[in-house]
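Trainee: Provided below for reference: sequence and predicted model.
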Amino acid sequence: MPTITAFANSPDRGRGQARDMRVRWALEEVGQPYDVRLVSFEAMKQPAHLALHPFGQIPTFEDGDLVLFETGAIVLHIAERHAGLLPTEANARARAIVWMFAALNTVEPPIVDLGMATLLERDESWYEERLPILRDRVGARLDELSDHLRGADWLDGAFSAGDLLMVTVLRRLNASRILVDYPNLASYVVRGEARPAFRRAFDAQLAVFTAGSTS
Ligand code: GTB
C-alpha cells in the first residue's frame with residue numbers, strides 16, 4: 001500500500017487546496033487504498049523528509065522502494081499503473097498527458113502568481129499596480145481554456161488525469177470570484193468536485209483538519 005505525505009496543519013483549513021489533494025483524488029479514482037503520514041512544517045525541512053523530497057515539501061509518494069515527489073509525476077505514475085485515468089488508445093493517451101502538462105505548466109503558474117501576490121504582497125507599495133497585470137494573465141489563460149472546453153464535459157473525451165489536474169488548478173480560484181465570468185469553467189470544476197472519488201479524497205483531507213482542531 002502506498003504512503004503519501006500531507007500537512008499535519010494545512011494552512012487552507014481543510015479546503016482541499018494543498019497538493020496532496022490531487023494525489024488522494026487520483027488514488028481514489030483508481031481504487032488504490034493508501035496510507036497518509038502527516039508532517040509538520042518543521043519536519044518537512046529535516047533530513048528524513050528531505051531524503052524523500054529535495055525541496056522539503058508535501059506531497060511525497062512511497063511505494064516499496066519507489067519514492068516520488070512532484071504531483072504531476074505522482075499522478076502520472078498512478079495513472080500509468082492503474083486503469084481509469086488515461087485512455088488506452090495511444091494518441092488519446094498522449095493528448096490526456098498533454099492536458100496534465102498544460103494544467104501544471106501553462107494554467108497553474110499565473111494562478112499561483114496571483115494567489116501569492118494576494119497572500120504575501122498585499123502591503124507592498126506596488127501591489128495595487130501589479131494586481132491588474134496578474135489578473136489579466138490569469139484571465140487570458142481562462143479565456144483560452146474556456147474557448148477550448150466550450151460545452152464539453154471534459155477536456156478531451158472521457159475524464160482523465162488531465163481533467164483531474166486541471167480541476168485542482170482551477171479550484172485555486174475558489175476564494176476569488178474570477179470563475180463567475182466563465183460559466184463553463186465553473187461548471188467544469190463543479191463536475192469534477194461531484195465525482196465520488198473527489199468527495200472521498202476531500203473528506204479524507206478535511207478529516208485531518210477537523211481532528212487537529214478538536215484535539
Ligand atoms: N511542484 C510541487 C508539486 O506539484 O508537488 C509543489 C509542491 C508544493 O508546493 N507543496 C507545498 C509545500 O509543501 C504544499 S501545496 N509547501 C511548504 C514549503 O514549501 O515549505 C501548496 C499549497 C499550500 C497551501 C495552500 N493553502 O493553504 O491554500 C495551497 C497550496
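Mentor: Structure received.
Trainee: surely Arg95 touches Asp156?
Mentor: Yes - contact criterion C-beta atoms under 8 Å: Arg95 and Asp156 qualify, at 5.0 Å. To be clear about C-beta, it is placed using only N, CA and C from the backbone, and glycine gets the same treatment.
Trainee: and for those two, which residues touch both?
Mentor: Common neighbours of Arg95 and Asp156, using C-beta atoms under 8 Å, 6 or more residues apart in numbering, are Gly162.
Trainee: any idea what sits nearest the most centrally placed residue in the chain, other than its immediate chain neighbours?
Mentor: With distances taken as C-alpha atoms, centre = their mean, Thr168 lies nearest the centre of the chain, 3.8 Å away. Closest residue in space to Thr168, ignoring its immediate chain neighbours: Arg22 at 4.8 Å, by C-beta to C-beta, 6 or more residues apart in numbering.
Trainee: which elements pack onto the strand or helix carrying that neighbour?
Mentor: Assessed by DSSP states H and E, Arg22 sits inside helix 20-30. On a contact count with 3 or more C-beta pairs under 8 Å, 6 or more residues apart in numbering; DSSP states H and E, helix 20-30 meets strand 3-7, helix 71-81, helix 161-170, helix 196-214.
Trainee: ok, now which ones touch Ala26?
Mentor: Contact partners of Ala26, counting by C-beta under 8 Å, 6+ apart, are Ile74, Val75, Ile78, Ala79, Leu85, Ala161, Leu164.
Trainee: which one of these is nearest the ligand?
Mentor: Relative to the ligand, the closest of the contacts of Ala26 is Ile74; by C-beta to the nearest ligand atom it sits at 7.3 Å.
Trainee: so the closest one sits against Leu68, correct?
Mentor: Yes - the pair Ile74 / Leu68 is scored as a contact, 5.0 Å apart, by C-beta under 8 Å.
Trainee: shared neighbours, these two?
Mentor: Taking C-beta under 8 Å, 6+ apart as the contact rule, Ile74 and Leu68 both touch Phe61.
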